[in-house]
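Requesting a structural model of the entry that follows:
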Amino acid sequence: MAKITELPGMIGKGVERVQIKAVDNAVDAYVKARDRRMDCTKTEVETKSELITVMRKNVEKIGADAEGTMIYHHDDLIVTLKYGKDDLKVKTEASDNDGSED
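Numbers count the residues shown, from 1 in each chain. Next up is the predicted model:
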């Protein structure tokens with residue numbers, strides 16, 4: 001992250017930039033965490049898209065209900081892909097009954 005240099009001669013209460021080391025450190029830590037999360041989100045979106053593509057390519061083997069929704073079981077996971085849109089849900093079988101998602 002680039003550091004900003006103040007203009008010379010800008011000294012005095014109300015003009016000078018306030019610098020608090022603890023806040024600066026917290027800002028830096030937050031930005032690093034945010035950037036890691038954004039990288040993870042990008043990876044999740046890419047892998048989700050790949051899962052949707054692979055499921056659609058295998059619709060004959062997986063099967064679909066009357067509305068075109070595909071349901072695939074993997075270990076203790078239930079993968080549901082609704083027809084016509086990228087509505088993909090991956091839940092544990094236990095959470096399928098309580099409404100929570102993974």
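
ranges for the helices of the chain?
Remark: helices assigned in the chain by DSSP state H are 21-57, 59-62, 93-98.

Check which residues of the second one are buried.
By neighbour count with 16 or more other C-beta atoms under 10 Å, helix 59-62 contains the buried residues Ile62. (Glycine included, C-beta is placed from N, CA and C.)

one step back: pick out the shakiest of the helices of the chain, pLDDT-wise.
Of all those, mean pLDDT reaches its minimum on helix 93-98 (a mean of 64).

ok now stretch 18-27, how far from the chain's centre?
Using C-alpha atoms, centre = their mean, to the nearest Å, the distance from the centre of stretch 18-27 to the centre of the chain it belongs to is 28 Å.

contact partners of it?
Judged by C-beta atoms under 8 Å, 6 or more residues apart in numbering, stretch 18-27 makes no contacts with residues elsewhere in the structure.

got the helices of the chain as TSV, with distance to Tyr83 columns?
Converted to TSV, the helices of the chain look like this (distance: least, C-beta to C-beta, whole Å):
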stretch	distance to Tyr83
helix 21-57	10
helix 59-62	9
helix 93-98	19
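
and the closest residue to Gly84 other than its chain neighbours, what does it touch?
Computed as C-beta to C-beta, 6 or more residues apart in numbering, the closest residue to Gly84 that is not its neighbour in sequence is Gly68, at 6.7 Å. Contacts were defined as C-beta under 8 Å, 6+ apart; by that measure Gly68 touches 82-84.

any idea how far Gly68 lies from Lys89?
Look at Gly68 and Lys89: by C-beta to C-beta, to the nearest Å, they are 15 Å apart.
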